[in-house]
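K.L.:
Okay, sequence plus prediction incoming.
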Amino acid sequence: MKFLEETPPIICNPKDTNYVIYSDTDSLYVHAEPILRYLYPDFDQMSSKDKDNKLEEIALKYQDLITQHYDTLAENCFNIKSHKLEMKTEAVIRSAYFRATRRYAQWITKQEGVEKEVLDIK
């Protein structure tokens, strides 16, 4: 992930931890394990299903927070009060391998709230 390590300071302070492991034009993949371990000290004892559920809860909270901030963005940057910007959590991924832009494999355990066990390769 050398490319993400070179994130400009205007986007992310070099002293901060960058949890974004991959992004493209319409997707953002976040390494959530450190967040889950912080919030749930018993993380290692949790079942995979419980981990997936906790991850989805966190993702949905961030989805709502980001969507709320889009109101500020729309008004301050685009000078509009009505917009259709929204963040949407599409999937919970237990693990993934990223090779290059649009070249990755991911093990999806939940997709739009529905439990699954699917290998998705792009």
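P.N.:
Alright, I've got the coordinates.

K.L.:
packing partners for the lengthiest helix in the chain?
P.N.:
In the chain, assigned by DSSP state H, the helix with the most residues is helix 48-78. Counting contacts by 3 or more Cβ pairs under 8 Å, 6 or more residues apart in numbering; DSSP states H and E, helix 48-78 packs against helix 33-39, strand 91-100, strand 103-111. No exception for glycine: its C-beta is placed from N, CA and C like everyone else's.

K.L.:
what sits up against the first one?
P.N.:
Just to be clear, that refers to helix 33-39. Helix 33-39 is contacted from outside by 17, 19, 43, 51, 54, 55, 58, using Cβ atoms under 8 Å, 6 or more residues apart in numbering.

K.L.:
Output the residues you listed as JSON lines; include the columns neighbour count and distance to residue 31.
P.N.:
Listed next are the contacts of helix 33-39 as JSON lines, based on neighbours: other Cβ atoms under 10 Å; distance: Cβ to Cβ, whole Å:
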{"residue": "17", "neighbour count": "8", "distance to residue 31": "9"}
{"residue": "19", "neighbour count": "13", "distance to residue 31": "5"}
{"residue": "43", "neighbour count": "14", "distance to residue 31": "14"}
{"residue": "51", "neighbour count": "19", "distance to residue 31": "14"}
{"residue": "54", "neighbour count": "18", "distance to residue 31": "15"}
{"residue": "55", "neighbour count": "21", "distance to residue 31": "11"}
{"residue": "58", "neighbour count": "18", "distance to residue 31": "12"}
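
K.L.:
No further questions, thank you.
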